[in-house]
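Visitor: what follows is a predicted protein model with its sequence.
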Amino acid sequence: MKIEEPLDLDNLAGQILVAMPGIGDPRFEHAVIYICAHGPEGAMGLVVNRLMESLTLPDLLEQLEIDPGGADDRIRIHFGGPVDSGRGFVLHSSDYLQDSSLMVDDQIALTATVDILRAIADGQGPFQSLLALGYAGWGPGQLDGEILANGWLNLPGDPGLVFSPDQEHKWDQALARLGIDALLLSSEAGHA
């Protein structure tokens, strides 16, 4: 009898979570989440495949009294998650950093200051970016338990997937990168 090594859930920062069918929370059905921080105190990530249809970047910049400059509607605003939905986060390529930026991995950083929005409006921001309002958060051990209960699959972070403008197919694309056909998934889980 082979004894399997336990799943290493010590640090999922820089990983992508893919919601399994039947996750049980409509806010996360077909969600793809990039994990920005994970440790003993909990986890934080941003949903990268849900757009907020009611708000554009120029509208947001005007609300913040920032000259929209060169900002246009191509940078879409995402629903980052249900926690602190009035707070903005910019997930971006590591070519742009501020003192307050959190380097998640070698290629992706997170900045949550208004200064990055000014830089984007001035055409001086990061090469790739994703603006999100709110975030997905888990308490100590909560995400680990959800993964072990088959609520989420995880795969290595991939800027091509994270920053892809194809929101509609990110979930299917993430599953395909794991070698899984979404049509073959069941909402029922089991353990051997």
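Guide: That came through, no problem.

Visitor: CA atoms only for the helix or strand bottoming out on mean pLDDT in the chain, dumped as PDB, please.
Guide: Taking mean pLDDT, DSSP states H and E as the measure, helix 57-63 is the helix or strand of the chain with the lowest mean score, a mean of 82. Taking Å, rounded to 0.1, in the frame of the first residue of the first chain, the C-alpha atoms of helix 57-63 are listed here in PDB:
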ATOM      1  CA  LEU A  57     -12.000  53.000 -15.700                       C
ATOM      2  CA  PRO A  58     -12.600  56.600 -16.900                       C
ATOM      3  CA  ASP A  59     -15.700  56.700 -14.600                       C
ATOM      4  CA  LEU A  60     -13.700  55.500 -11.700                       C
ATOM      5  CA  LEU A  61     -10.900  58.000 -12.300                       C
ATOM      6  CA  GLU A  62     -13.400  60.800 -12.500                       C
ATOM      7  CA  GLN A  63     -14.900  59.700  -9.100                       C
END
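
Visitor: ok, the helix or strand just after that helix: who's next to it in the sheet?
Guide: Sequence-wise, the next helix or strand downstream of helix 57-63 (DSSP states H and E) is strand 76-79. Strand 76-79 has these partner strands in its sheet, going by DSSP bridges: strand 51-56 (antiparallel), strand 129-138 (parallel).

Visitor: which of those sits most buried?
Guide: Highest mean neighbour count of these: strand 129-138, a mean of 22 (counted as mean count of other Cβ atoms under 10 Å). Bear in mind the C-beta positions are built from the backbone N, C-alpha and C, glycine included.

Visitor: that one - what's its average pLDDT?
Guide: Average pLDDT, strand 129-138: 95.

Visitor: tell me how far the ends of stretch 63-80 are from each other?
Guide: End-to-end distance for stretch 63-80, by Cα to Cα, to the nearest Å: 19 Å.

Visitor: in the chain, which spans are helices?
Guide: 57-63, 114-121, 142-148, 159-162, 170-177 (DSSP state H).

Visitor: distance from stretch 95-113 to the middle of the chain?
Guide: 14 Å (Cα atoms, centre = their mean, to the nearest Å).
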